[in-house]
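Participant: Build the 3D model from these lines:
(one chain, ligands or ions: 1)
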Amino acid sequence: MNCVVLTQHRSTVDLLRRVVDSKKDDLSFLVEDLRLERYLHRSSLSVSRGKFRDRAVYEKLELTPNGLIVVHLRDNRRLRGILKVIDVVRNGCSVLVLHTDPLVNFKIESEDFPFAQFLPLADSFRPIFHIQTRLAKNKKRLKRIQEITEGAKKLLILVQDDPDPDALGTALALRHLLARNRSSTPIATFGKVTRPENLAMTRLLDIQLIENISAGELEDYDRIACVDTQPSRFKVELPRIDIIIDHHPEAPGCQATFKDIRPSYGATATILTEYLRAKKEKIAERIATALLYGIRTDTLLLDRGVVESDVEAFTYLYPRANINTIRRIERPELPVNVLDSFSEGLRNRRITDKVIFSHLGKVKREDVIPQLADFCLQVEGVEWSVVSGIYGGDLILSVRNVGFVRAAGDIMKEAFAHIGSAGGHRSMAKAVIPLKNLVSNGKKDIDEADLRKVQNLFLKPLRSAAKSNNSNHGANSKQVAK
Ligand SMILES: [Mn+2]
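Facilitator: Prediction:
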(Lines give C-alpha, C1' and ligand atoms only; values in the text may rest on other atoms or scores of the structure.)
Protein backbone atom coordinates (compact mmCIF):
# COMPACT_ATOMS: atom_id res chain seq x y z
CA MET A 1 0.00 0.00 0.00
CA ASN A 2 1.16 3.45 -0.84
CA CYS A 3 0.77 5.64 2.26
CA VAL A 4 1.21 9.42 2.08
CA VAL A 5 1.21 11.43 5.28
CA LEU A 6 0.38 15.15 5.23
CA THR A 7 1.61 16.63 8.45
CA GLN A 8 2.98 19.66 10.24
CA HIS A 9 4.10 17.71 13.31
CA ARG A 10 7.44 16.09 13.88
CA SER A 11 5.75 13.81 16.45
CA THR A 12 3.39 12.47 13.78
CA VAL A 13 6.41 11.57 11.69
CA ASP A 14 8.01 9.76 14.61
CA LEU A 15 4.78 7.95 15.45
CA LEU A 16 3.68 6.88 11.97
CA ARG A 17 7.08 5.62 10.85
CA ARG A 18 6.65 3.06 13.64
CA VAL A 19 2.96 2.39 13.12
CA VAL A 20 3.00 1.96 9.35
CA ASP A 21 4.74 -1.22 8.36
CA SER A 22 7.46 0.23 6.14
CA LYS A 23 8.50 -3.21 4.88
CA LYS A 24 5.08 -3.90 3.44
CA ASP A 25 3.95 -0.35 2.78
CA ASP A 26 5.49 2.43 0.87
CA LEU A 27 5.56 5.35 3.32
CA SER A 28 6.17 8.95 2.25
CA PHE A 29 5.50 12.37 3.71
CA LEU A 30 4.18 15.61 2.29
CA VAL A 31 5.15 18.70 4.30
CA GLU A 32 5.02 22.46 3.88
CA ASP A 33 7.82 23.41 6.24
CA LEU A 34 11.45 23.42 5.21
CA ARG A 35 12.74 22.40 8.63
CA LEU A 36 10.40 19.42 8.79
CA GLU A 37 11.53 18.44 5.29
CA ARG A 38 15.14 18.47 6.47
CA TYR A 39 14.26 16.42 9.52
CA LEU A 40 12.69 13.79 7.26
CA HIS A 41 15.74 13.77 5.03
CA ARG A 42 18.00 13.27 8.00
CA SER A 43 15.78 10.36 9.10
CA SER A 44 16.13 8.82 5.61
CA LEU A 45 12.39 9.04 5.01
CA SER A 46 10.84 9.84 1.67
CA VAL A 47 9.48 13.40 1.58
CA SER A 48 8.02 16.01 -0.82
CA ARG A 49 7.43 19.63 0.00
CA GLY A 50 4.65 21.86 -1.26
CA LYS A 51 1.43 23.60 -0.25
CA PHE A 52 -1.27 21.19 0.87
CA ARG A 53 -3.87 23.06 -1.20
CA ASP A 54 -1.78 23.01 -4.34
CA ARG A 55 -3.18 20.33 -6.65
CA ALA A 56 0.09 20.10 -8.56
CA VAL A 57 2.02 18.66 -5.60
CA TYR A 58 -0.22 15.61 -5.53
CA GLU A 59 0.60 14.68 -9.14
CA LYS A 60 4.15 13.76 -8.17
CA LEU A 61 2.81 11.43 -5.45
CA GLU A 62 1.29 8.96 -7.92
CA LEU A 63 -1.79 8.19 -5.85
CA THR A 64 -3.48 4.88 -6.61
CA PRO A 65 -6.92 3.57 -5.57
CA ASN A 66 -5.49 1.15 -3.00
CA GLY A 67 -3.38 3.86 -1.37
CA LEU A 68 -3.96 5.83 1.83
CA ILE A 69 -3.63 9.51 2.65
CA VAL A 70 -3.18 10.38 6.33
CA VAL A 71 -3.80 13.99 7.34
CA HIS A 72 -2.69 15.48 10.64
CA LEU A 73 -2.67 19.27 10.83
CA ARG A 74 -1.60 21.65 13.52
CA ASP A 75 -4.31 24.12 12.51
CA ASN A 76 -7.59 22.43 11.67
CA ARG A 77 -9.08 25.69 10.42
CA ARG A 78 -7.38 24.75 7.16
CA LEU A 79 -8.74 21.20 7.17
CA ARG A 80 -11.95 21.84 5.23
CA GLY A 81 -10.16 23.50 2.30
CA ILE A 82 -7.45 20.84 2.19
CA LEU A 83 -9.96 17.99 2.25
CA LYS A 84 -11.79 19.58 -0.69
CA VAL A 85 -8.57 19.54 -2.71
CA ILE A 86 -7.77 15.99 -1.63
CA ASP A 87 -11.20 14.83 -2.77
CA VAL A 88 -10.39 16.04 -6.26
CA VAL A 89 -6.87 14.62 -6.51
CA ARG A 90 -7.06 11.46 -4.40
CA ASN A 91 -7.71 9.09 -7.32
CA GLY A 92 -9.73 6.69 -5.17
CA CYS A 93 -7.27 6.73 -2.26
CA SER A 94 -8.69 6.19 1.24
CA VAL A 95 -8.30 9.14 3.61
CA LEU A 96 -7.67 9.08 7.36
CA VAL A 97 -7.76 12.34 9.34
CA LEU A 98 -6.10 12.44 12.76
CA HIS A 99 -7.22 15.26 15.01
CA THR A 100 -6.92 16.22 18.66
CA ASP A 101 -9.51 19.01 18.94
CA PRO A 102 -13.15 18.11 18.34
CA LEU A 103 -14.06 18.82 14.74
CA VAL A 104 -17.18 20.76 15.69
CA ASN A 105 -14.78 23.50 16.80
CA PHE A 106 -14.02 23.99 13.11
CA LYS A 107 -17.62 23.49 11.97
CA ILE A 108 -16.69 20.26 10.23
CA GLU A 109 -19.15 17.39 10.16
CA SER A 110 -17.75 14.01 9.19
CA GLU A 111 -20.77 13.65 6.85
CA ASP A 112 -19.39 16.56 4.79
CA PHE A 113 -16.52 14.31 3.74
CA PRO A 114 -17.92 10.81 3.36
CA PHE A 115 -14.69 9.55 1.76
CA ALA A 116 -12.69 10.31 4.92
CA GLN A 117 -12.34 8.46 8.19
CA PHE A 118 -11.81 10.66 11.29
CA LEU A 119 -9.77 9.47 14.25
CA PRO A 120 -10.04 11.63 17.38
CA LEU A 121 -6.66 11.07 19.04
CA ALA A 122 -7.72 12.23 22.50
CA ASP A 123 -10.64 9.77 22.60
CA SER A 124 -8.40 6.94 21.51
CA PHE A 125 -5.71 7.85 23.98
CA ARG A 126 -8.01 8.37 26.98
CA PRO A 127 -8.56 4.68 27.95
CA ILE A 128 -4.84 3.94 27.59
CA PHE A 129 -4.04 6.98 29.69
CA HIS A 130 -6.48 5.87 32.41
CA ILE A 131 -5.16 2.35 32.68
CA GLN A 132 -1.54 3.53 32.65
CA THR A 133 -2.28 6.07 35.40
CA ARG A 134 -3.75 3.26 37.46
CA LEU A 135 -0.74 1.07 36.79
CA ALA A 136 1.56 3.89 37.86
CA LYS A 137 -0.26 4.02 41.20
CA ASN A 138 -0.01 0.25 41.51
CA LYS A 139 3.70 0.50 40.97
CA LYS A 140 4.04 2.65 44.06
CA ARG A 141 2.00 0.23 46.16
CA LEU A 142 3.91 -2.73 44.79
CA LYS A 143 7.15 -1.19 45.95
CA ARG A 144 5.71 -0.97 49.46
CA ILE A 145 4.67 -4.65 49.40
CA GLN A 146 8.12 -5.63 48.22
CA GLU A 147 9.74 -3.64 51.05
CA ILE A 148 7.53 -5.35 53.63
CA THR A 149 8.15 -8.88 52.39
CA GLU A 150 11.80 -8.44 51.54
CA GLY A 151 14.05 -10.62 53.65
CA ALA A 152 11.13 -12.57 55.11
CA LYS A 153 12.12 -16.21 55.29
CA LYS A 154 8.53 -17.41 55.56
CA LEU A 155 5.53 -15.55 54.26
CA LEU A 156 2.05 -16.98 54.68
CA ILE A 157 -0.75 -16.08 52.31
CA LEU A 158 -4.00 -16.52 54.19
CA VAL A 159 -7.34 -16.96 52.42
CA GLN A 160 -10.92 -17.35 53.69
CA ASP A 161 -12.23 -20.53 55.32
CA ASP A 162 -13.77 -22.02 52.18
CA PRO A 163 -11.57 -20.37 49.56
CA ASP A 164 -13.20 -19.44 46.27
CA PRO A 165 -11.52 -19.02 42.87
CA ASP A 166 -10.92 -15.30 43.42
CA ALA A 167 -9.00 -16.01 46.64
CA LEU A 168 -7.08 -18.94 45.15
CA GLY A 169 -6.15 -17.07 41.98
CA THR A 170 -5.13 -13.98 43.95
CA ALA A 171 -2.97 -15.97 46.36
CA LEU A 172 -1.20 -17.75 43.53
CA ALA A 173 -0.60 -14.47 41.70
CA LEU A 174 0.70 -12.68 44.81
CA ARG A 175 3.34 -15.37 45.31
CA HIS A 176 4.31 -15.07 41.65
CA LEU A 177 4.38 -11.26 41.90
CA LEU A 178 6.86 -11.45 44.76
CA ALA A 179 8.92 -14.05 42.88
CA ARG A 180 8.64 -16.47 45.79
CA ASN A 181 8.04 -20.20 45.86
CA ARG A 182 5.73 -22.75 47.41
CA SER A 183 7.93 -23.60 50.39
CA SER A 184 8.85 -20.05 51.41
CA THR A 185 5.35 -18.77 50.72
CA PRO A 186 2.58 -21.30 51.23
CA ILE A 187 -1.12 -20.56 50.87
CA ALA A 188 -3.25 -21.52 53.85
CA THR A 189 -6.82 -21.58 55.13
CA PHE A 190 -8.38 -22.30 58.53
CA GLY A 191 -11.01 -24.31 56.68
CA LYS A 192 -10.76 -26.19 53.41
CA VAL A 193 -11.79 -26.12 49.79
CA THR A 194 -15.19 -27.79 49.45
CA ARG A 195 -16.93 -26.80 46.21
CA PRO A 196 -16.35 -29.27 43.39
CA GLU A 197 -15.35 -26.55 40.89
CA ASN A 198 -12.88 -25.07 43.37
CA LEU A 199 -11.40 -28.49 44.02
CA ALA A 200 -11.09 -28.96 40.26
CA MET A 201 -9.35 -25.58 40.07
CA THR A 202 -6.75 -26.53 42.70
CA ARG A 203 -6.18 -29.85 40.93
CA LEU A 204 -5.95 -28.58 37.35
CA LEU A 205 -3.88 -25.50 38.17
CA ASP A 206 -1.75 -27.29 40.75
CA ILE A 207 -2.56 -24.94 43.64
CA GLN A 208 -1.44 -26.50 46.90
CA LEU A 209 -2.98 -25.34 50.14
CA ILE A 210 -2.37 -25.90 53.80
CA GLU A 211 -5.88 -26.69 55.03
CA ASN A 212 -7.12 -26.50 58.63
CA ILE A 213 -4.13 -24.46 59.72
CA SER A 214 -4.26 -23.58 63.42
CA ALA A 215 -3.78 -20.12 64.87
CA GLY A 216 -0.69 -21.40 66.69
CA GLU A 217 0.98 -22.40 63.42
CA LEU A 218 0.87 -18.80 62.23
CA GLU A 219 3.72 -18.05 64.60
CA ASP A 220 6.07 -20.00 62.31
CA TYR A 221 5.81 -17.21 59.75
CA ASP A 222 7.56 -13.89 59.85
CA ARG A 223 5.06 -12.21 57.53
CA ILE A 224 1.36 -12.79 56.92
CA ALA A 225 -0.71 -11.54 54.00
CA CYS A 226 -4.52 -11.76 53.85
CA VAL A 227 -6.04 -11.79 50.39
CA ASP A 228 -9.68 -11.50 49.30
CA THR A 229 -10.63 -11.28 52.96
CA GLN A 230 -9.91 -9.31 56.13
CA PRO A 231 -8.83 -10.40 59.62
CA SER A 232 -12.28 -9.71 61.13
CA ARG A 233 -13.79 -12.40 58.91
CA PHE A 234 -11.90 -15.15 60.71
CA LYS A 235 -13.27 -16.86 63.79
CA VAL A 236 -9.88 -16.83 65.49
CA GLU A 237 -7.83 -13.93 66.76
CA LEU A 238 -4.94 -13.26 64.37
CA PRO A 239 -1.49 -11.97 65.20
CA ARG A 240 -0.16 -8.86 63.44
CA ILE A 241 -1.08 -8.83 59.75
CA ASP A 242 1.43 -7.33 57.35
CA ILE A 243 -0.52 -7.10 54.13
CA ILE A 244 -4.21 -7.01 53.24
CA ILE A 245 -5.32 -7.01 49.62
CA ASP A 246 -9.09 -7.21 49.27
CA HIS A 247 -12.17 -5.89 47.53
CA HIS A 248 -14.73 -6.24 50.33
CA PRO A 249 -15.72 -3.06 52.18
CA GLU A 250 -13.18 -2.24 54.85
CA ALA A 251 -14.22 -3.60 58.23
CA PRO A 252 -13.99 -1.17 61.17
CA GLY A 253 -10.65 -1.47 62.94
CA CYS A 254 -9.03 -3.35 60.06
CA GLN A 255 -5.31 -3.18 60.83
CA ALA A 256 -2.26 -4.05 58.78
CA THR A 257 1.14 -2.61 57.92
CA PHE A 258 -0.04 -2.27 54.33
CA LYS A 259 -3.66 -2.25 53.16
CA ASP A 260 -4.91 -2.20 49.59
CA ILE A 261 -8.68 -2.41 49.83
CA ARG A 262 -10.71 -1.47 46.76
CA PRO A 263 -14.40 -2.08 47.45
CA SER A 264 -15.50 -0.87 44.03
CA TYR A 265 -13.63 -3.70 42.33
CA GLY A 266 -15.53 -6.83 41.31
CA ALA A 267 -12.67 -9.14 42.23
CA THR A 268 -9.37 -9.15 44.12
CA ALA A 269 -7.90 -10.93 41.10
CA THR A 270 -8.34 -7.65 39.21
CA ILE A 271 -6.08 -5.89 41.73
CA LEU A 272 -3.40 -8.56 41.30
CA THR A 273 -3.66 -8.35 37.52
CA GLU A 274 -2.90 -4.63 37.79
CA TYR A 275 0.10 -5.31 40.03
CA LEU A 276 1.50 -7.83 37.57
CA ARG A 277 0.97 -5.42 34.68
CA ALA A 278 2.57 -2.58 36.62
CA LYS A 279 5.58 -4.78 37.24
CA LYS A 280 5.68 -5.51 33.51
CA GLU A 281 5.70 -9.14 34.51
CA LYS A 282 4.98 -11.68 31.81
CA ILE A 283 1.87 -13.44 33.09
CA ALA A 284 2.27 -17.19 32.70
CA GLU A 285 -0.70 -19.15 31.39
CA ARG A 286 -1.34 -20.85 34.73
CA ILE A 287 -1.49 -17.53 36.61
CA ALA A 288 -3.59 -15.86 33.91
CA THR A 289 -6.03 -18.79 33.97
CA ALA A 290 -6.37 -18.66 37.76
CA LEU A 291 -6.90 -14.88 37.77
CA LEU A 292 -9.34 -14.94 34.88
CA TYR A 293 -11.38 -17.68 36.52
CA GLY A 294 -11.37 -15.65 39.76
CA ILE A 295 -12.77 -12.60 37.97
CA ARG A 296 -15.28 -14.70 36.05
CA THR A 297 -16.75 -16.30 39.15
CA ASP A 298 -16.67 -13.27 41.46
CA THR A 299 -18.36 -11.04 38.90
CA LEU A 300 -20.61 -13.75 37.44
CA LEU A 301 -19.02 -13.28 34.04
CA LEU A 302 -18.77 -9.49 34.40
CA ASP A 303 -22.48 -9.39 35.16
CA ARG A 304 -22.30 -8.21 38.76
CA GLY A 305 -20.66 -5.16 40.36
CA VAL A 306 -17.85 -4.56 37.89
CA VAL A 307 -15.80 -1.45 37.24
CA GLU A 308 -13.73 -0.54 34.19
CA SER A 309 -10.69 -2.17 35.82
CA ASP A 310 -12.39 -5.57 35.96
CA VAL A 311 -13.32 -5.45 32.29
CA GLU A 312 -9.80 -4.32 31.46
CA ALA A 313 -8.17 -7.08 33.49
CA PHE A 314 -10.54 -9.62 31.92
CA THR A 315 -9.63 -8.47 28.42
CA TYR A 316 -5.96 -8.50 29.27
CA LEU A 317 -6.02 -12.00 30.76
CA TYR A 318 -8.31 -13.65 28.23
CA PRO A 319 -5.75 -14.21 25.44
CA ARG A 320 -3.15 -15.29 28.01
CA ALA A 321 -5.31 -17.84 29.80
CA ASN A 322 -6.18 -21.41 28.94
CA ILE A 323 -9.89 -21.37 28.22
CA ASN A 324 -10.02 -25.15 27.93
CA THR A 325 -8.80 -25.48 31.50
CA ILE A 326 -11.51 -23.09 32.67
CA ARG A 327 -14.08 -25.13 30.79
CA ARG A 328 -12.84 -28.25 32.53
CA ILE A 329 -12.97 -26.56 35.92
CA GLU A 330 -16.53 -25.40 35.35
CA ARG A 331 -17.69 -28.66 33.89
CA PRO A 332 -15.80 -31.45 35.57
CA GLU A 333 -15.59 -34.60 33.47
CA LEU A 334 -18.55 -36.92 33.95
CA PRO A 335 -17.91 -40.49 35.05
CA VAL A 336 -19.47 -42.82 32.45
CA ASN A 337 -21.65 -44.59 35.02
CA VAL A 338 -23.39 -41.29 35.78
CA LEU A 339 -25.09 -41.45 32.38
CA ASP A 340 -27.37 -44.22 33.68
CA SER A 341 -28.56 -42.15 36.62
CA PHE A 342 -28.97 -39.15 34.30
CA SER A 343 -31.21 -41.14 31.97
CA GLU A 344 -33.17 -42.46 34.95
CA GLY A 345 -33.53 -38.93 36.36
CA LEU A 346 -34.61 -37.51 33.00
CA ARG A 347 -37.15 -40.29 32.44
CA ASN A 348 -38.74 -39.60 35.83
CA ARG A 349 -38.75 -35.82 35.38
CA ARG A 350 -41.72 -33.71 36.35
CA ILE A 351 -42.52 -30.42 34.64
CA THR A 352 -44.96 -28.02 36.24
CA ASP A 353 -45.23 -24.22 36.54
CA LYS A 354 -42.29 -23.86 34.12
CA VAL A 355 -40.16 -25.82 36.60
CA ILE A 356 -38.44 -29.08 35.71
CA PHE A 357 -37.73 -31.46 38.60
CA SER A 358 -35.38 -34.37 38.26
CA HIS A 359 -34.06 -36.72 40.92
CA LEU A 360 -30.83 -38.69 40.55
CA GLY A 361 -31.08 -40.94 43.59
CA LYS A 362 -27.80 -41.75 45.31
CA VAL A 363 -24.77 -40.16 43.65
CA LYS A 364 -21.06 -40.84 44.15
CA ARG A 365 -20.06 -37.29 43.27
CA GLU A 366 -21.97 -34.22 44.29
CA ASP A 367 -20.99 -32.14 41.28
CA VAL A 368 -23.03 -34.25 38.86
CA ILE A 369 -26.19 -32.73 40.40
CA PRO A 370 -25.51 -29.12 39.27
CA GLN A 371 -24.32 -30.46 35.93
CA LEU A 372 -27.69 -32.01 35.21
CA ALA A 373 -29.37 -28.84 36.54
CA ASP A 374 -27.47 -26.80 33.93
CA PHE A 375 -28.54 -29.20 31.22
CA CYS A 376 -32.23 -29.25 32.24
CA LEU A 377 -32.46 -25.46 32.06
CA GLN A 378 -32.13 -25.76 28.29
CA VAL A 379 -35.45 -27.57 28.01
CA GLU A 380 -37.99 -25.64 25.97
CA GLY A 381 -40.39 -23.50 28.02
CA VAL A 382 -38.56 -24.15 31.27
CA GLU A 383 -37.61 -21.21 33.53
CA TRP A 384 -36.38 -23.19 36.53
CA SER A 385 -34.46 -26.39 36.82
CA VAL A 386 -34.34 -28.26 40.14
CA VAL A 387 -32.18 -31.37 40.31
CA SER A 388 -31.77 -33.43 43.46
CA GLY A 389 -29.57 -36.28 44.54
CA ILE A 390 -28.59 -38.08 47.70
CA TYR A 391 -25.03 -37.59 48.84
CA GLY A 392 -23.56 -38.42 52.22
CA GLY A 393 -26.79 -38.57 54.22
CA ASP A 394 -28.21 -35.39 52.70
CA LEU A 395 -30.59 -34.53 49.93
CA ILE A 396 -28.75 -32.01 47.77
CA LEU A 397 -30.81 -29.71 45.56
CA SER A 398 -29.26 -27.71 42.80
CA VAL A 399 -31.31 -24.95 41.23
CA ARG A 400 -30.83 -22.90 38.07
CA ASN A 401 -33.08 -20.30 36.50
CA VAL A 402 -33.14 -18.23 33.37
CA GLY A 403 -32.22 -15.04 35.23
CA PHE A 404 -35.20 -12.78 34.66
CA VAL A 405 -37.29 -14.44 37.37
CA ARG A 406 -37.01 -14.17 41.16
CA ALA A 407 -33.56 -14.70 42.66
CA ALA A 408 -32.87 -18.40 43.07
CA GLY A 409 -31.10 -17.90 46.40
CA ASP A 410 -34.13 -16.15 47.93
CA ILE A 411 -36.56 -18.84 46.80
CA MET A 412 -34.34 -21.58 48.17
CA LYS A 413 -34.00 -19.90 51.56
CA GLU A 414 -37.73 -19.38 51.79
CA ALA A 415 -38.45 -22.97 50.81
CA PHE A 416 -35.85 -24.92 52.74
CA ALA A 417 -34.13 -22.84 55.44
CA HIS A 418 -36.37 -24.43 58.10
CA ILE A 419 -35.21 -27.99 57.34
CA GLY A 420 -31.70 -27.50 56.00
CA SER A 421 -29.20 -24.97 54.73
CA ALA A 422 -30.06 -23.04 51.59
CA GLY A 423 -28.80 -20.08 49.64
CA GLY A 424 -27.17 -18.86 46.46
CA HIS A 425 -27.13 -16.18 43.83
CA ARG A 426 -29.58 -14.72 41.38
CA SER A 427 -29.56 -17.56 38.88
CA MET A 428 -28.05 -20.46 40.79
CA ALA A 429 -28.65 -21.81 44.27
CA LYS A 430 -28.32 -24.88 46.40
CA ALA A 431 -29.94 -26.51 49.40
CA VAL A 432 -28.64 -29.27 51.63
CA ILE A 433 -31.33 -31.09 53.60
CA PRO A 434 -30.39 -33.88 56.04
CA LEU A 435 -32.38 -36.98 55.09
CA LYS A 436 -33.53 -37.45 58.67
CA ASN A 437 -35.50 -34.20 58.34
CA LEU A 438 -37.37 -35.62 55.35
CA VAL A 439 -38.19 -39.25 55.99
CA SER A 440 -41.05 -40.19 58.24
CA ASN A 441 -42.36 -43.37 59.82
CA GLY A 442 -38.90 -44.73 60.56
CA LYS A 443 -38.05 -45.34 56.91
CA LYS A 444 -34.39 -45.32 55.93
CA ASP A 445 -34.64 -43.82 52.45
CA ILE A 446 -36.77 -41.11 50.96
CA ASP A 447 -39.57 -42.22 48.67
CA GLU A 448 -41.77 -40.65 46.01
CA ALA A 449 -44.02 -39.00 48.59
CA ASP A 450 -41.06 -37.36 50.36
CA LEU A 451 -39.77 -36.05 47.02
CA ARG A 452 -43.19 -34.60 46.22
CA LYS A 453 -43.13 -32.85 49.54
CA VAL A 454 -39.77 -31.31 48.70
CA GLN A 455 -41.01 -30.23 45.26
CA ASN A 456 -44.09 -28.61 46.74
CA LEU A 457 -41.97 -26.78 49.30
CA PHE A 458 -40.04 -25.31 46.38
CA LEU A 459 -43.14 -24.42 44.39
CA LYS A 460 -44.83 -22.62 47.27
CA PRO A 461 -42.72 -19.42 47.37
CA LEU A 462 -42.50 -19.49 43.58
CA ARG A 463 -46.28 -19.56 43.20
CA SER A 464 -46.84 -16.83 45.75
CA ALA A 465 -44.22 -14.71 43.97
CA ALA A 466 -46.01 -15.27 40.67
CA LYS A 467 -49.32 -14.32 42.27
CA SER A 468 -48.08 -11.03 43.74
CA ASN A 469 -46.35 -10.28 40.47
CA ASN A 470 -49.61 -10.73 38.59
CA SER A 471 -51.47 -8.37 40.91
CA ASN A 472 -48.65 -5.85 40.54
CA HIS A 473 -48.95 -6.08 36.81
CA GLY A 474 -52.64 -5.27 37.11
CA ALA A 475 -52.01 -2.24 39.31
CA ASN A 476 -49.17 -0.84 37.23
CA SER A 477 -50.33 -1.93 33.84
CA LYS A 478 -49.38 1.40 32.32
CA GLN A 479 -45.81 1.20 33.54
CA VAL A 480 -45.49 -2.37 32.47
CA ALA A 481 -46.69 -1.50 29.00
CA LYS A 482 -43.93 1.04 28.75
MN1 LIG B 1 -13.46 -11.92 45.90
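Participant: Per-residue pLDDT of G474, please?
Facilitator: For G474, the pLDDT comes out at 45.
Participant: wait, isn't R90 in contact with L63?
Facilitator: Yes. R90 is within contact range of L63, at 5.9 Å (criterion: CB atoms under 8 Å). C-beta here means a position set from N, CA and C on the backbone, and glycine is covered the same way.
Participant: between those two, what contacts are shared?
Facilitator: Listed as contacting both R90 and L63 by CB atoms under 8 Å, 6 or more residues apart in numbering are I69.
Participant: what number of residues lie near the residue nearest to I351 when sequence neighbours are not counted?
Facilitator: Distance criterion CB to CB, 6 or more residues apart in numbering; nearest residue to I351, sequence neighbours excluded, is V382 at 6.9 Å. Residues near V382, counting by other CB atoms under 10 Å, number 16.
Participant: likewise R55?
Facilitator: Neighbours of R55 (other CB under 10 Å): 12.
Participant: And it, how far from R10?
Facilitator: 26 Å (CB to CB, to the nearest Å).
Participant: What of Y391?
Facilitator: Separation of Y391 from R10 (CB to CB): 71 Å.
Participant: what sits against V5?
Facilitator: V5 sits in contact with 12-13, 16, 27-30, 69-72, where contact means CB under 8 Å, 6+ apart.
Participant: who has more neighbours, Y391 and R10?
Facilitator: The neighbour count for Y391 versus R10, taken as other CB under 10 Å, is higher for Y391 (18 against 15).
Participant: can you list the domains in this protein?
Facilitator: Taking automatic domain parsing as the reference, the chain has its domains at 2-114, 130-329, 338-470.
Participant: burial count for the residue in the stretch 151-300 of the chain positioned nearest to the ion?
Facilitator: At 3.5 Å from the ion, D166 is the closest residue in the stretch 151-300 of the chain, using CB to the ion. Per other CB under 10 Å, the neighbour tally for D166 reads 29.
Participant: who are the neighbours in contact with it?
Facilitator: By CB under 8 Å, 6+ apart, the contact set of D166 is 228, 267-269, 294-295, 297-298.
Participant: go again using 6 Å as the cut-off
Facilitator: 228, 267-269, 294, 298 (CB atoms under 6 Å, 6 or more residues apart in numbering).
Participant: Kindly report the same for T7.
Facilitator: H72.
Participant: still on that earlier bit, okay, and the residue of the stretch 151-300 of the chain closest to the ion sits in which element?
Facilitator: D166 is located in helix 165-177, with elements delineated by DSSP states H and E.
Participant: Which of the contacts of D166 are buried? Put it as a PyMOL command.
Facilitator: To isolate the buried members of these in PyMOL, using 16 or more other CB atoms under 10 Å:
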select buried, resi 228+267+268+269+294+298
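Participant: The residue nearest to K107 when sequence neighbours are not counted: which element?
Facilitator: Leaving aside its sequence neighbours, K107 sits nearest to R80 (CB to CB, 6+ apart; 7.9 Å). Element membership of R80 [criterion: DSSP H and E] is helix 79-89.
Participant: Show the average pLDDT along that helix.
Facilitator: 95.
Participant: thinking again about what came up before, of the contacts of V5, which belong to strands?
Facilitator: In strands, defined here by DSSP state E, the members of the contacts of V5 are 27-30, 69-72.
Participant: Mind pulling up the pLDDT for the residue lying farthest from the centre of the chain?
Facilitator: Using CA atoms, centre = their mean, the residue of the chain lying farthest from its centre is A56. It sits 54.3 Å away. At A56, the model reports a pLDDT of 93.
Participant: Using JSON lines, lay out the contacts of D166 together with pLDDT.
Facilitator: Converted to JSON lines, the contacts of D166 look like this (pLDDT from 0 to 100):
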{"residue": "D228", "pLDDT": "97"}
{"residue": "A267", "pLDDT": "96"}
{"residue": "T268", "pLDDT": "97"}
{"residue": "A269", "pLDDT": "98"}
{"residue": "G294", "pLDDT": "97"}
{"residue": "D298", "pLDDT": "90"}
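Participant: Could you list which of the contacts of D166 also contact the ion?
Facilitator: 228, 268, 298 (CB under 5 Å from the ion).
Participant: nearest spatial neighbour of S214, skipping sequence neighbours?
Facilitator: Among residues not flanking S214 along the chain, F190 sits closest, at 7.9 Å (CB to CB, 6+ apart).
Participant: Which helix or strand contains the residue nearest to E414 when sequence neighbours are not counted?
Facilitator: Nearest residue to E414, sequence neighbours excluded (CB to CB, 6+ apart): P461, at 4.0 Å. Per DSSP H and E: P461 is located in helix 448-475.
Participant: by contact count, what packs against that helix?
Facilitator: If you count contacts as 3 or more CB pairs under 6 Å, 6 or more residues apart in numbering; DSSP states H and E, helix 448-475 packs onto helix 408-416.
Participant: and the helix or strand that comes right after the helix it packs on, what's its mean pLDDT?
Facilitator: With elements assigned by DSSP H and E, the helix or strand that comes after helix 408-416 is strand 421-424. Per-residue pLDDT values over strand 421-424 give a mean of 88.
Participant: Number of residues surrounding Q371?
Facilitator: Other residues lying near Q371 total 19 when counted by other CB under 10 Å.
Participant: ok so, going back, redo the ones next to the ion among the contacts of D166 as JSON lines? Include secondary structure.
Facilitator: Shown next, in JSON lines, are the ones next to the ion among the contacts of D166 (DSSP: H, G, I helix; E, B strand; the rest coil):
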{"residue": "D228", "secondary structure": "coil"}
{"residue": "T268", "secondary structure": "helix"}
{"residue": "D298", "secondary structure": "helix"}
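Participant: Please identify which of the residues you listed is nearest to R144.
Facilitator: Ranked by distance to R144 (CB to CB), the ones next to the ion among the contacts of D166 are led by T268 at 17.2 Å.
Participant: Next up, the contacts around the closest one.
Facilitator: In this structure, T268 makes contact with 166, 170, 227-228, 246-247, judged by CB under 6 Å, 6+ apart.
Participant: I'd assumed L98 was in a helix, is it?
Facilitator: No. Assessed with three-state DSSP, L98 is strand; it does not lie in a helix.
Participant: and it, what are its bridge partners?
Facilitator: Beta-bridge pairing for L98 (DSSP bridges): L119.
Participant: so who does it touch?
Facilitator: Applying CB under 6 Å, 6+ apart to L98 gives the contacts 72, 119, 121.
Participant: hang on, isn't the first one packed against T12?
Facilitator: Yes. H72 lies in contact with T12 (CB atoms under 6 Å); the separation is 4.6 Å.
Participant: re the thing from before, what does the helix holding R80 contact?
Facilitator: 52-53, 55, 58, 73, 108, 113.
Participant: hmm, try it at 8 Å
Facilitator: Residues from elsewhere that reach helix 79-89 (CB under 8 Å, 6+ apart): 6, 52-55, 58-59, 63, 69, 71, 73, 95, 97, 99, 103, 106-108, 112-113, 115-116.
Participant: If any of these are buried, put those into a PyMOL selection.
Facilitator: Buried subset of those, written as a PyMOL selection, criterion 16+ other CB under 10 Å:
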select buried, resi 6+52+58+63+69+71+73+95+97+99+103+108+113+116
